[in-house]
Each structure stands twice: as C-alpha cells, then as structure tokens.
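Chemist: quick one, what's the 3D model for this:
(chains A, B and C)
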Amino acid sequence: MPELPEVEVTRRQIEKVLVGRTVRGVVTTRKSYFFITPPGELRTRLVGRRVVALNRHGKYLVAELDDGSRLLLHLGMTGQLFAAGARSPRLLSAERRATLSPEKAAAFEPDQHTHLVLSFDEPGPNLYFRDVRKFGKVAWIARGKPNGRLEKLGIDALEATGDALYDATRTRSLAIKSVLLDQGVLAGVGNIYADEALFLAGIRSKRRARTLTREECERIAVAVRKVLRRSITRGGSSIDDYVRPDGSDGGYQTECFVYGRTGEPCRTCKTPIRRIVVGQRSTHFCPECQR
DNA sequence: ACCGCACCCTGAGCGC
DNA sequence: TGCGCTCAGGGTGCGG
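Modeler: Now for the predicted structure:
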C-alpha cells in the first residue's frame, strides 16, 4: 500500500519520464469514483499540456502543467504508476502470474485495471496508472484554484515535529495510531509506517493521544522521520501491489520491525509480535518493547 | 470538535 | 472443482 516513501520513490522515477514532455494522448477506462475529473474532461484538459514539475504532498502527486493547471494523482491502496516497459509479476493478476514464470513475463500490456494511459509528443515511454481496487484518484485542478484535498493536509511527515504532534493530541482521546493516520496532522503516514514508527518510539499503538507527554511526542516525531527516510532509501515497501515505476520491488518490507510480522519474534527482544485492531486498522506491535 | 462507522472496490484465501 | 463468504484498507462524509 503506497504511503509517503512509496509515493516519493514513485515521484523521483516518474519525474524523469514525465517532466518536459507534452501530452499527446489520454486513454482512460469508463467514468468511476477513480475519476474526480470525468474522463472526457480530463482528455480535453491534458492534451497539448507540457509537464513542468512533479511534486508530492503527503501521499498525493501533483504534476504542474505549463498553463498553471495541475494534475493530482493519488495511488490509494493498490495504485501503480509506471512507465511502459516495466515488467513485474505484481503488475499481473494471480491467474496470469500462474501461467508465466516471472522471467518470462512480457512487458506490461494495459488491462482492465489500467485506468489512465498518457502518451507524449516527445520520444519515450507511455505512462500507465493501474489500480485494481480503484481507491486511487485522478483530478485536474484549474490554474490558481485551491484544492480541498491538498488544503486539508497537515505538515509533510518527513518534517514531523514533536510540537505538531503535541498540539494535535491535546484534546484527542483516540489512539495515538489513529492520530498518526490523520492526514490533517502529518501528511503521508499510513498503516505500515504508523506501526513501525510507534515501535521505534516504544509507545503502544492504543495509547490515548492526549496522555502523551511532550517528550513522547518528540520521540514519535523522530521515529516517523527516521522510518520514512529509511524506507525511501530502500525504495519503499513492496508488500502486496507496490512496485517502483521501473517494475522493480522496494526493499523495506524485509526490514519491518512489526508490520506483517504477527507471531514472529521481535527483532529486539524476541517476544512474539501481536496483532490487534485499532481504529478499524490491523495493527502490529511488540508487547514488550512498546509500553 | 471529536469520533466511530459505512462506503467506495476487487482479488485472495478460506471453508464447505 | 467451485461457490460464497470474509478480509484488506486510504480517504470521504455522515450522524451521534
């Protein structure tokens, strides 16, 4: 599931494919929740536009276009943004994976889950946006127009501060993990890195937010920054669907301390990692290391 | 203001 | 073999 590190790794690779190129063709699937801007309008708005920059805000990617308008992309749960030529078993259904050995998998061909294909005037690969569950989003934003989704975001999680967390938690009685997942507080933290950061900080996921001390908030902020930076360095986590835009896997999933390690020994104290549900999200923690 | 929950969606994995 | 059920979860919006 793409969170800040996966989106940032995607941004860095897609930037090379996208910036400086002019959209020639836009192919979409039919109208759905995926398209905040309807497919027809999207086509009209994008064709002929040159991309001048690709930025990230939390888990959103924002392509800046030459007329001052913007294209907003969110990968949701299963979104995959990649360049033509990428090959990975993660880009195929299990059914198709079974019929092909990974080495023999051909370069990706658009399928029914490929909701957006951009082609360009300049030489280079097409850009694909594939999303099996369609929790992802595509929106065109007019020049100078503020966007509600972006405006609601808190500070970027790479710049998390203890003060921001302390301020955000004073009146809130819900679990600290739920606060970390609140994009209006820290933008970019999702389920994996919330669990990982709370492990590094040594704090229980269910701890009521307003009971945290200033020092504990500082520890959590440090842990958030550290785990996100580390994951970016490793290319993000390829756990279910995430692949880098060139088709390669990230490497952080092999370093996880708690996420997806239910029953396995804690890397620090060997106590089995436990799984509970916090705020309707599966949550992993070490009962010994997190107090 | 805060917080829990339903909803959007599809595929994998399970029990029968 | 195959059906139907449950689960996964980011973000939005609603109702209490």
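Chemist: contacts, neighbours, all on C-alpha from now
Modeler: Noted.
Chemist: so in chain A, where's the weakest helix or strand by average pLDDT?
Modeler: helix A:94-99 (a mean of 66; mean pLDDT, DSSP states H and E).
Chemist: could you identify the helix or strand that succeeds it?
Modeler: Counting by DSSP states H and E, the next helix or strand C-terminal to helix A:94-99 is strand A:114-120.
Chemist: the helix or strand following that next one and DNA strand C in contact?
Modeler: Next along the chain after strand A:114-120, taking DSSP H and E as the criterion, comes strand A:127-131. No. Strand A:127-131 stays clear of DNA strand C (CA under 7 Å from any atom of the strand), getting no nearer than 10.2 Å.
Chemist: quick one: strand A:127-131 to strand A:114-120, angle?
Modeler: If you take axes from the mean of the first three to the mean of the last three CA atoms, to 10 degrees, strand A:127-131 sits at 170 degrees to strand A:114-120.
Chemist: helices or strands next to strand A:127-131 in the packing?
Modeler: strand A:79-83, strand A:114-120 (3 or more CA pairs under 8 Å, 6 or more residues apart in numbering; DSSP states H and E).
Chemist: ranking these by burial, who's on top?
Modeler: For the helices and strands packed on strand A:127-131, average neighbour numbers computed from mean count of other CA atoms under 10 Å are highest in strand A:79-83, which has a mean of 26.
Chemist: which residues touch the closest residue to A:Ala160 other than its chain neighbours?
Modeler: Nearest residue to A:Ala160 in three dimensions, chain neighbours excluded: A:Ala221, at 5.3 Å (CA to CA, 6 or more residues apart in numbering). Under the criterion of CA atoms under 8 Å, 6 or more residues apart in numbering, the neighbours of A:Ala221 are A:Ala160, A:Thr161, A:Gly162, A:Leu165.
Chemist: how about low-confidence regions in the stretch 101-250 of chain A?
Modeler: Where the stretch 101-250 of chain A drops to pLDDT under 70, the residues are A:101-106.
Chemist: helices of that one, start to end?
Modeler: A:148-151, A:162-169, A:176-181, A:191-201, A:214-234 (DSSP state H, counting those that start in this stretch).
Chemist: next, format those helices as CSV and append distance to DNA strand C.
Modeler: Shown next, in CSV, are the helices of the stretch 101-250 of chain A (distance: least, CA to the nearest atom of the strand, whole Å):
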stretch, distance to DNA strand C
helix A:148-151, 4
helix A:162-169, 17
helix A:176-181, 7
helix A:191-201, 4
helix A:214-234, 14
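Chemist: mind putting those helices into JSON lines with distance to A:Thr28?
Modeler: Output for the helices of the stretch 101-250 of chain A, formatted as JSON lines (distance: least, CA to CA, whole Å):
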{"stretch": "helix A:148-151", "distance to A:Thr28": "23"}
{"stretch": "helix A:162-169", "distance to A:Thr28": "40"}
{"stretch": "helix A:176-181", "distance to A:Thr28": "31"}
{"stretch": "helix A:191-201", "distance to A:Thr28": "30"}
{"stretch": "helix A:214-234", "distance to A:Thr28": "30"}
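Chemist: wait, isn't A:Val19 in contact with A:Val62?
Modeler: No. A:Val19 is beyond contact range of A:Val62, at 11.7 Å (criterion: CA atoms under 8 Å).
Chemist: ok, and the closest non-adjacent residue to A:Thr29?
Modeler: Per CA to CA, 6+ apart, closest to A:Thr29 is A:His115, 4.9 Å.
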